[in-house]
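1. Could you work out the structure for the sequence below:
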Amino acid sequence: MKCYNCNNVLAPDKDSCPKCGADVKRYRKIVYASNYYYNVGLSRAKSRNMSGAVEALKIALQISKTNVDARNLLGLIYYEMGEAAMAVKEWTISKSIQYRNNPAEQYLSDLKNDKQVLDETEHSIRKFNQALKNAQIGAFDLAIVQLKKVLSVNPRMIKAYQLLSLLYIHEGKQEYAKSTLNKCLELDTGNILAHSYLDELENNAHTIASDSNIVKDIPIAPMHLRDYGSYLGSAVCILLGVILSFGILWYTVLPAQQSKYEKQAVQERQHIEKQLQLANEQIESKDKRISELEENLSYLEDENSELADQKLENEQKITKKEAYELMEKAMIYTVREQWYSLYELYPEIDKAAQQMNDSQYREAYVALKSLYNTKLSTLLVQEGNAKVANGSYVPAIQNYAAAIKLNDGNAEAYYGVAYSYELSSESNKYKTAKEYYNLVLSKFGGTEWAAKAQERLKYIP
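-> As a prediction, this is how the structure comes out:
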């Protein structure tokens, strides 16, 4: 056992590191507990209790995430269960923890060199997902056919056996279901789901899958409208009051002038009636305009609601299944060393990582990001070197700077920036070149790049 602080070998009878003095009592207990569950998982795997082994190894990794043996064994078990993508994930994380003398490197290399296995694995995963979708929408016959094809390509995929047996139970084909479950248990003796299905069949119970319709309540925004119709009553009352006043004045106060003003009264009444008619027309026009505005408002609100729903749908979090599918593609690109394909896929993976709270996914993402940054940094340096060879020093500087941003430990990138500035026609080129050469000496002392930087400094004025 080595110290977590200085990596020195620990004495078995001491609770502190003999080199740095760190307290390792609790650390020793953690390592022992993790190794205990690793041994449990190994024992279960030997007896082909794959599900039990996975459970024990996950506990071992929860206790100590750096338990490389447990992670490698978990990858082997996943591979044996037909889940190659999960195996690649565990081996990649293991390789990021222990760079040298790690069997995971050989596992990944063997898998990468076997193109047929990779293609069959990718094909079987795609077919299984399609069968699952068909089963969810009720196309059970098509799903059964697809699952049979999956098992013909990948006869160790436990999940395919489970889904196929469940579909057989739903279709009433109990003998086929029992046969499928027995094959599943031959691969994984401790598969709890397969045992439960088999118990149901032996008890003559029927499992019936039914679809459930999800009804979403669509809220209706309340409309707050003014009672514009009350204006008509007010206008009529005012106008009638005016007419009544004129009538009282005409027949009581000024009876002697009735003949004189009779014509004038008729004209006034006609004029008031015209005003009343005009007022009614204006009110009707306003009511019509208000009705049109209300319809437009309702239309705009519906349209805004649809746009909001579309925006919410576009911004909706990536599901766990979609995130793991992206990670599976990334792992395959990593094994095949298809770095530019990974470069195109990486923004989606990074977006998924920002939304996912799954600890295993985050671990895989951190390992992938480290490997991605390192490899892409190396490719950028190679492109920079090619540009320097063609005399394109300023574009080469941009390549090297991008490589440093991805991997601050890339000594060749620092040296490339200094060398490109030295040969370029940029202002203050020697000053900048000296700064980067000195950075190479301070950050990477003792390396070949530090020796080259020391040699170049002799020629800079």
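
2. hang on, isn't His170 packed against Phe140?
-> Yes: contact criterion CB atoms under 8 Å: His170 and Phe140 qualify, at 6.4 Å. In this view, the C-beta of every residue, glycine as well, is placed from N, C-alpha and C.

3. what about Gly190, is that helix, strand or coil?
-> Recorded secondary structure, Gly190: coil (DSSP: H, G, I helix; E, B strand; the rest coil).

4. quick one, phi/psi of the nearest residue to it once chain neighbours are set aside?
-> Spatial nearest neighbour of Gly190, chain neighbours left out: Asn49 (3.5 Å); criterion: CB to CB, 6 or more residues apart in numbering. Dihedral pair for Asn49: phi -90, psi 80, per degrees, to the nearest 10.

5. what about Asn49, how many residues close to it?
-> 18 (other CB atoms under 10 Å).

6. ok, now which ones touch it?
-> When contacts are counted by CB atoms under 8 Å, 6 or more residues apart in numbering, Asn49 touches 188-190.

7. residues of the one helix or strand Asp141 maps to that come out buried?
-> Asp141 belongs to helix 140-153 when assigned by DSSP states H and E. Neighbour counts over helix 140-153 (16 or more other CB atoms under 10 Å) mark 140, 143-144, 146-147, 149-151, 153 as buried.

8. So what's the gap between the helix or strand that contains Arg44 and the chain middle?
-> Taking DSSP H and E as the criterion, Arg44 maps to helix 25-46. Computed by CA atoms, centre = their mean, to the nearest Å, the chain-centroid distance of helix 25-46 equals 33 Å.

9. C-alpha coordinates for it, PDB please?
-> Listed in PDB are the C-alpha atoms of helix 25-46, where the atom choice follows Å, rounded to 0.1, in the frame of the first residue of the first chain:
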ATOM      1  CA  LYS A  25      -5.100   5.200   9.600                       C
ATOM      2  CA  ARG A  26      -8.400   6.100   8.100                       C
ATOM      3  CA  TYR A  27      -7.000   5.800   4.600                       C
ATOM      4  CA  ARG A  28      -5.800   2.300   5.300                       C
ATOM      5  CA  LYS A  29      -9.400   1.300   6.500                       C
ATOM      6  CA  ILE A  30     -10.800   2.800   3.300                       C
ATOM      7  CA  VAL A  31      -8.400   0.800   1.100                       C
ATOM      8  CA  TYR A  32      -9.000  -2.400   3.100                       C
ATOM      9  CA  ALA A  33     -12.800  -1.900   2.800                       C
ATOM     10  CA  SER A  34     -12.700  -1.300  -0.900                       C
ATOM     11  CA  ASN A  35     -10.400  -4.300  -1.400                       C
ATOM     12  CA  TYR A  36     -12.800  -6.400   0.600                       C
ATOM     13  CA  TYR A  37     -15.700  -5.600  -1.700                       C
ATOM     14  CA  TYR A  38     -13.400  -6.200  -4.700                       C
ATOM     15  CA  ASN A  39     -12.700  -9.700  -3.400                       C
ATOM     16  CA  VAL A  40     -16.400 -10.200  -3.000                       C
ATOM     17  CA  GLY A  41     -17.000  -9.100  -6.500                       C
ATOM     18  CA  LEU A  42     -14.200 -11.300  -7.800                       C
ATOM     19  CA  SER A  43     -15.700 -14.400  -6.000                       C
ATOM     20  CA  ARG A  44     -19.100 -13.700  -7.400                       C
ATOM     21  CA  ALA A  45     -17.800 -13.200 -10.900                       C
ATOM     22  CA  LYS A  46     -16.000 -16.600 -10.700                       C
END
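
10. how much space between the residue nearest to Gly190 and Gly138?
-> Taking CB to CB, to the nearest Å as the measure, Asn49 and Gly138 are separated by 35 Å.

11. One more: Ile460?
-> Distance from Ile460 to Gly138, by CB to CB: 75 Å.

12. Gln98 now?
-> On the measure of CB to CB, Gln98 and Gly138 end up 48 Å apart.

13. For these two, indicate the residue with more neighbours.
-> Comparing Gln98 with Gly138 by neighbour count (other CB under 10 Å), the higher total belongs to Gln98, at 16 against 12.

14. Please name the nearest non-neighbouring residue to the more buried one.
-> Gln98 sits nearest to Val68 (CB to CB, 6+ apart), 4.9 Å away.

15. Please tell me I have it right and the one you found contacts Ser96.
-> No: between Val68 and Ser96 no contact is recorded; they are 10.3 Å apart, counting by CB under 8 Å.

16. about what we covered before: tell me how far the following helix or strand past the helix holding Arg44 lies from the chain's centre.
-> Downstream of helix 25-46, the first helix or strand assigned by DSSP H and E is helix 50-63. On the basis of CA atoms, centre = their mean, helix 50-63 sits 25 Å off its chain's mean C-alpha point.
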